[in-house]
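# A predicted structure for the sequence below; I have some questions about it.
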Amino acid sequence: MSIQGASLFEMFWSHYPARHGRPKCGKAPCLLLFRELEESEQADCVQAAKHYAKASKPKADGSFTQEARDAIRFLRSDWWRDWVQQPQVLCQFRSLQSCQQMAMEGQEVCEFHLAYRAKLAARRA
C-alpha cells in the first residue's frame, strides 16, 4: 500500500464512528481489509465513512439513529459502497401531512420548512 493509501486509512479510521460510545477496536484487521481495496475505492471508502458517521450522530430532538456497525463488517461486507453518496433524507418537519421534499444537506428539513422555522422564531422573539 502506498503512503497515500496509509494516510487514507488513517482518515477512514478517524471518521468512522465508535459503537456504543466505546473506543474503536479492530484497527489491524480493518487495515488488512482496507489494503485489499484499489486506491480509487479507498478514497470512496473514506467518503463513505464520513457519510456514515454523520448519519449515526444523534438527531436534534435528542433521539439517536441506529447504532453504528463495527468497522470490520463495514469493510468486509462492502457496506461502505452504500454510503459513498450521501443518502438523501426526506424532510422531517412535523405536521399533519408529511413533507415529500428532500432535506437540505446537513439539515433535517427542506428549504421551505427551514425558512418557516426561521419566521416562527422571529415572531416569537
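All right, it came through fine.

# which parts of the longest helix anywhere in the chain are buried?
What stands out as the longest helix in the chain, according to DSSP state H, is helix 39-55. Buried positions in helix 39-55, judged by neighbour count with 16 or more other C-beta atoms under 10 Å: 41-54. For glycine as for every other residue, the C-beta is placed from the backbone atoms N, C-alpha and C.

# repeat for stretch 22-32
30-31.

# quick one: it to chain centroid distance?
18 Å (C-alpha atoms, centre = their mean, to the nearest Å).

# Equivalent analysis for stretch 75-87, please.
That offset, for stretch 75-87, works out to 10 Å (C-alpha atoms, centre = their mean).

# before we move on, back to that, give me the packing partners of the longest helix of the chain, helices and strands only.
Other helices and strands packing on helix 39-55, by 3 or more C-beta pairs under 8 Å, 6 or more residues apart in numbering; DSSP states H and E, are helix 3-15, helix 71-76.

# Pick the most deeply packed of these.
Of the helices and strands packed on helix 39-55, the one with the most neighbours on average (mean count of other C-beta atoms under 10 Å) is helix 71-76, at a mean of 19.

# want to throw the buried residues of helix 39-55 into CSV with pLDDT and distance to Val109?
Below are the buried residues of helix 39-55 laid out as CSV (pLDDT from 0 to 100; distance: C-beta to C-beta, whole Å):
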residue, pLDDT, distance to Val109
Glu41, 91, 34
Gln42, 91, 34
Ala43, 91, 31
Asp44, 91, 28
Cys45, 92, 30
Val46, 92, 28
Gln47, 89, 24
Ala48, 89, 25
Ala49, 89, 25
Lys50, 87, 22
His51, 82, 19
Tyr52, 83, 22
Ala53, 82, 21
Lys54, 77, 16
